[in-house]
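K.L.:
kindly generate the corresponding structure for this input.
(one chain, ligands or ions: 2)
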Amino acid sequence: MAFFHQICRGFSSSAVRAVVIKHVTIIGGGQMGSGIAQVAASTGHSVTLVDTSEDILKKSVKTIEGSLRRVVKKKFADKPEAGEEYVQKVLKNVSTSSDAGSAAQGTDLVLEAIVENLQVKQDLFSHLDKLAPAHTIFASNTSSLSISDIASSTSRLDRFGGLHFFNPVPMMKLVEVCGTSATSQETFDSLMNFSKELGKTPVSCKDTPGFIVNRLLVPYILEAYHLHERGHGSKEDVDIAMKLGAGYPMGPFELSDYIGLDTIKFILDGWRVMDPNNPSFAPSELLNKLVAEGKLGKKTGEGFYKYK
Ligand SMILES: CCCCCCCCCCCCC[C@H](O)CC(=O)SCCNC(=O)CCNC(=O)[C@H](O)C(C)(C)COP(=O)(O)OP(=O)(O)OC[C@H]1O[C@@H](n2cnc3c(N)ncnc32)[C@H](O)[C@@H]1OP(=O)(O)O
Ligand SMILES: NC(=O)c1ccc[n+]([C@@H]2O[C@H](COP(=O)([O-])OP(=O)(O)OC[C@H]3O[C@@H](n4cnc5c(N)ncnc54)[C@H](O)[C@@H]3O)[C@@H](O)[C@H]2O)c1
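P.N.:
Numbering: from 1, shown residues only. Ligands and ions are numbered 1, 2, ... in the order given. Now for the predicted structure:
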């Protein structure tokens, strides 16, 4: 069922009207999609989570359940029954589908969190643009691609923006909200309000490579790879140094495994196409080797480190 509500802010005829997002369709049930689904469902939104197969979706729901149990362990430490009730209540807000087209038909927001590949994202949005209601806002959780480039595959440029969450979504408080030159004020406000409803702190950013966080984080991670490849520090020592010397919760290699090495490779390869002469974006043999071997980080049990 579609929930299309509008709120008026201010009293003049030019008052900004934002869509109140009640139902969200999240495409991609991987690390990010399942985390966003969990947080949206926990804050009272109806969620449809979409992926390519029922098997993947079963795993996504299991991940959500596991993460919710970590949350209730703290939140309901003295009341395990109330905790269990909470888990079941939140899970009831999540339905799943392997048919993105039908899941887009009755929703206020389509939020995409699939593979970091421009063509694949454009194909998805172009398809959904023909099926979703007119009021539905589209947003991408891309880490590195241009929101305008993704939006160009649709006819709803005014109702398209970036909503960049951070991993692990249940723990990380930030959302980068990105409007393009074509994004309407109403859409931007809706995305800001939605982020706040999820209990996050939104920051506004421009449609520039890496937005704010990754524009700073990518050179840092790149430099760590190059330093290690030059033989100037072991992975372990680099990670310890950045944790104990700079106060980061994870070192760059641990963080890379946590993010996913395939995602990192997609980002690096894409940035190299944009800026081929930048030595920072030179390929990393080590990264390419690990990805070719299917060692994608924590999610596959091995990346720079082993997790089994
Ligand atoms: C040459 C080639 C170069 C190419 C370079 C390209 C680089 C590209 C890089 C960018 C990639 C894109 C990135 C993306 O767009 C943006 C990001 O998301 S960046 C990642 C941001 N995230 C971080 O930086 C995470 C840092 N880590 C932490 O904050 C913490 O380590 C942690 C993950 C919160 C875990 O905390 P720890 O203390 O380490 O471990 P615990 O397991 O004890 O957890 C603490 C606490 O948190 C609870 N918790 C953890 N995870 C979850 C969860 N998923 N769900 C629910 N709860 C969770 C846990 O229960 C603990 O609670 P407590 O018991 O303490 O009450
Ligand atoms: N991993 C991170 O730390 C992180 C942080 C912020 C943003 N992002 C971005 O979020 C997006 C997803 O990243 P992730 O780490 O969750 O990836 P992931 O590999 O964990 O999950 C991606 C999911 O999308 C599914 N998928 C792929 N194509 C699909 C399609 N056409 N339709 C439906 N489902 C499809 C896959 O089956 C998979 O389950 C990427 O754009 C990434 O850049 C990642």
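K.L.:
and the residue in the chain that ligand 2 sits nearest to, how close does it get to ligand 1?
P.N.:
Of all residues in the chain, residue 30 sits closest to ligand 2, at 1.8 Å by CB to the nearest ligand atom. Bear in mind the C-beta positions are built from the backbone N, C-alpha and C, glycine included. Distance of residue 30 to ligand 1, given as CB to the nearest ligand atom, to the nearest Å: 13 Å.
K.L.:
what sits against residue 68?
P.N.:
38, 42, 86-87, 90-91 (CB atoms under 8 Å, 6 or more residues apart in numbering).
K.L.:
so is whatever helix or strand residue 215 lives in next to ligand 2?
P.N.:
Secondary structure from DSSP states H and E places residue 215 in helix 213-229. No: under the criterion of CB under 6 Å from any ligand atom, ligand 2 is not reached by helix 213-229; the shortest gap measures 8.3 Å.
K.L.:
pull out the buried residues from that helix.
P.N.:
Residues of helix 213-229 classed as buried: 213-214, 218, 221-222, 224-225, 228 (neighbour count, 16 or more other CB atoms under 10 Å).
K.L.:
just put those in TSV and tack on distance to residue 149.
P.N.:
Shown next, in TSV, are the buried residues of helix 213-229 (distance: CB to CB, whole Å):
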residue	distance to residue 149
213	20
214	16
218	18
221	23
222	22
224	28
225	26
228	32
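K.L.:
around ligand 1, which positions in this structure sit nearby?
P.N.:
67, 70-71, 74, 143, 166-168, 170-172, 214, 217-218, 221-222, 225, 249-250, 255, 259, 263-264, 267-268, 284, 287.
K.L.:
which among those residues count as buried?
P.N.:
With burial judged by 16+ other CB under 10 Å, the buried subset of the residues of the chain next to ligand 1 is 67, 71, 143, 166-167, 170, 214, 218, 221-222, 225, 255, 259, 263-264, 267-268, 284, 287.
K.L.:
just checking, which of those belong to helices?
P.N.:
By the criterion of DSSP state H, membership of these in helices covers 67, 71, 214, 218, 221-222, 225, 255, 259, 263-264, 267-268, 287.
K.L.:
with pLDDT as new columns, can these be given to me in TSV?
P.N.:
Below are those laid out as TSV (pLDDT from 0 to 100):
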residue	pLDDT
67	97
71	92
214	92
218	86
221	92
222	87
225	91
255	97
259	94
263	87
264	90
267	86
268	87
287	93
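K.L.:
now stretch 247-254, how far from the centre of its chain.
P.N.:
On the basis of CA atoms, centre = their mean, to the nearest Å, stretch 247-254 sits 20 Å off its chain's mean C-alpha point.
K.L.:
tell me what the helix or strand encompassing residue 175 is packed against?
P.N.:
Element membership for residue 175, per DSSP H and E: strand 174-179. For strand 174-179, the elements it packs on are strand 160-165, helix 185-197, strand 201-205, judged by 3 or more CB pairs under 8 Å, 6 or more residues apart in numbering; DSSP states H and E.
K.L.:
let me know the angle separating it from helix 185-197.
P.N.:
With axes from the mean of the first three to the mean of the last three CA atoms, to 10 degrees as the basis, strand 174-179 and helix 185-197 are set at 170 degrees to each other.
K.L.:
for residue 56, state which of the buried residues of helix 213-229 is nearest.
P.N.:
Using CB to CB, residue 214 comes nearest to residue 56 of those, at 25.7 Å.
K.L.:
and the closest residue to that closest one other than its chain neighbours, how close does it get to residue 135?
P.N.:
Of all residues not flanking residue 214 in the chain, residue 143 sits nearest, at 5.8 Å (CB to CB, 6 or more residues apart in numbering). Look at residue 143 and residue 135: by CB to CB, to the nearest Å, they are 27 Å apart.
K.L.:
tell me how far residue 248 lies from residue 296.
P.N.:
22 Å.
K.L.:
lovely, talk soon.
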